[in-house]
Every structure is written in structure tokens, then in C-alpha cells.
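here are the coordinates; sequence isn't available:
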Ligand SMILES: N[C@@H](CCC(=O)N[C@@H](CS)C(=O)NCC(=O)O)C(=O)O
């Protein structure tokens, strides 16, 4: 299996996470941000992640990829799901994106390895977000906005080993988002969130991204 991905992409991390939990090899290919040709060549449009299965057929939806990989060999996502976790994940992105988006270009990530790729990202995000320096100048207020969501999650986490006590799709929803917000230097994770983040990242064998 081959995953076309961006290092900063939380949807990509869902797929990397399930492959790691299942101890299945995933060939990771980082695409340059301006390399639309690779994506269009594979699936006819610009989208990431793309999972190329061993039979050569591509998949386009990250949760379908997770279910597909989960279906290979013995299951690991055997725990219950809670609707409030999915709701939390849906709602946190509006608060986290203004913090994370303008930081990714500062992290030396492989999808921004050329000046053209970096500028391509900055230009396409400008269509939705303000100037990145302007956004980063509001870090304090943005952290104040995000903290209640992290406190909410803190109250929902049942164990450092799994958000609902046993691994489930809800962990696939939550951990990639925490990995994203952990790029914000000085953002304090509440205690249970921090323990969960650290133990899960250790379990899947990934270092957090740098924080700036
Ligand atoms: N529903 C898809 C959404 C995929 C998606 O929105 N990917 C984003 C990147 S995270 C994308 O391709 N954006 C267009 C771009 O990078 O130009 C999934 O879960 O895999």
C-alpha cells in the first residue's frame, strides 16, 4: 500500500495511525504542495490523501482508507464510539485551523521543500485565511478560544490508551487533531489530553511535529 500525503495533513495521519496500530507497512510518499500533476494523474483531481492499494486501485476518502486497513488482519479498533467525540472533532477545527495553518510553513516540512511549493501553499490558503503573519499575531486570543475545547476533551478522555477506554474510530478522529494543534508552541494541553497524546504517539511510534 502506498499513501500519497502531506506531512502536516491530519487526514493523512489518520491513515498512518491505523497502519501503525496494525503494524502494517505503508509506503509513504510526500507530495510537494505544487505537484498537482501527481494527484491528478492518480485520481483525476487535486486531493490528498490518496491510498494506492496493492491491486493498484486508489482510495480517496481518509475514513474509507482507515476502514479498509482496519479490515486487513485482526481488528484493533474494537472499542465503542461516542457521538460527542465525533462532534468535538468536527467543532474543534474552526478554532484550531487559524493556529495551525500559518505555522505549517515554518516547520521545514517535506511538502514545502521548494520555494515554489511553499509559495503555492501560502497563496492557496490566502483564499480562505488572512495573511499568515497577521494570523500568528493573534496567537494569544486564538489560544484563549481553543482552550475550552481542549478542556472539553479533557473531561471526555477515559484513558491515556484510548479516548473511550478501548481503541476505536474515535481515536482516529482525535489523535491527528491533537498532533496538529501540538505545533503551537506555548499551548498548554490539559493533563488528561497531554497524557493521552503522549501515550498514543509513543504507541504508534511517531514523534510530534516541531512546535513554533
Ligand atoms: N474527505 C476527504 C477530504 C480530503 C481533503 O479535504 N484533503 C485536503 C487536504 S487535507 C485537500 O486535498 N485539499 C486540497 C489541496 O490540498 O489543494 C478525506 O477525508 O480524505
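Alright, I've got the coordinates. Predicted model, so just to flag it, every value in this text is computed and none were measured.

can you give me the strands for the chain?
Secondary structure of the chain (DSSP state E): strands at 2-5, 27-30, 50-52, 58-59.

could the ones you listed go into JSON lines alongside mean neighbour count?
The C-beta positions use only the backbone N, C-alpha and C, and glycine is treated the same way. JSON lines is the format used below for the strands of the chain (neighbours: other CB atoms under 10 Å):
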{"stretch": "strand 2-5", "mean neighbour count": "21"}
{"stretch": "strand 27-30", "mean neighbour count": "15"}
{"stretch": "strand 50-52", "mean neighbour count": "21"}
{"stretch": "strand 58-59", "mean neighbour count": "18"}
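
near the ligand, which residues of this protein?
Residues of the chain lying close to the ligand by CB under 6 Å from any ligand atom are 9, 11, 46-49, 61-62.

now do residue 11 against residue 105, distance only.
Residue 11 is 18 Å from residue 105, where distance means CB to CB, to the nearest Å.

who has more neighbours, the two?
When residue 11 and residue 105 are compared for neighbours, residue 105 comes out ahead with 20 against 17, by other CB atoms under 10 Å.

run a quick neighbour tally on the residue in the chain positioned nearest to the ligand.
Closest approach between the chain and the ligand, counting by CB to the nearest ligand atom: residue 62, at 3.4 Å. Using other CB under 10 Å, residue 62 has 23 neighbouring residues.

tell me the pLDDT of it.
With respect to pLDDT, residue 62 scores 98.

helices of this structure, start to end?
In the chain, the helices defined using DSSP state H lie at 10-21, 36-43, 62-70, 83-100, 115-125, 132-136, 139-156, 169-181, 191-204.

tilt between the first one and helix 169-181?
Here helix 10-21 runs at 120 degrees with respect to helix 169-181, directions being taken by axes from the mean of the first three to the mean of the last three CA atoms, to 10 degrees.

what residues sit buried inside helix 10-21?
Residues 10-21 are the ones in helix 10-21 that count as buried (16 or more other CB atoms under 10 Å).

before we move on, what about the third one?
Under the neighbour-count criterion of 16+ other CB under 10 Å, helix 62-70 has 62, 65-66, 68-70 buried.

and if you look at the last one?
Of the residues in helix 191-204, those with enough neighbours to count as buried (16+ other CB under 10 Å) are 192-197, 200-201, 203-204.

where in the chain is pLDDT low?
Low-confidence segments of the chain (pLDDT under 70): none present.

next up, phi/psi of the residue lying farthest from the centre of it, please.
Relative to the centre of the chain, and counting by CA atoms, centre = their mean, the farthest-placed residue is residue 55 at 26.1 Å. Main-chain torsions, residue 55, degrees, to the nearest 10: phi -80, psi 0.

domains of this protein?
Structurally, the chain divides into domains by automatic domain parsing as follows: 2-70, 83-204.

can you list the ones you listed in JSON lines and add distance to residue 211?
Output for the domains of the chain, formatted as JSON lines (distance: least, CB to CB, whole Å):
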{"stretch": "domain 2-70", "distance to residue 211": "13"}
{"stretch": "domain 83-204", "distance to residue 211": "4"}
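
who does the closest residue to residue 28 other than its chain neighbours bridge with?
Spatial nearest neighbour of residue 28, excluding adjacent residues (CB to CB, 6 or more residues apart in numbering): residue 3 at 5.3 Å. Taking DSSP bridges as the rule, residue 3 bridges to residue 28, residue 51.
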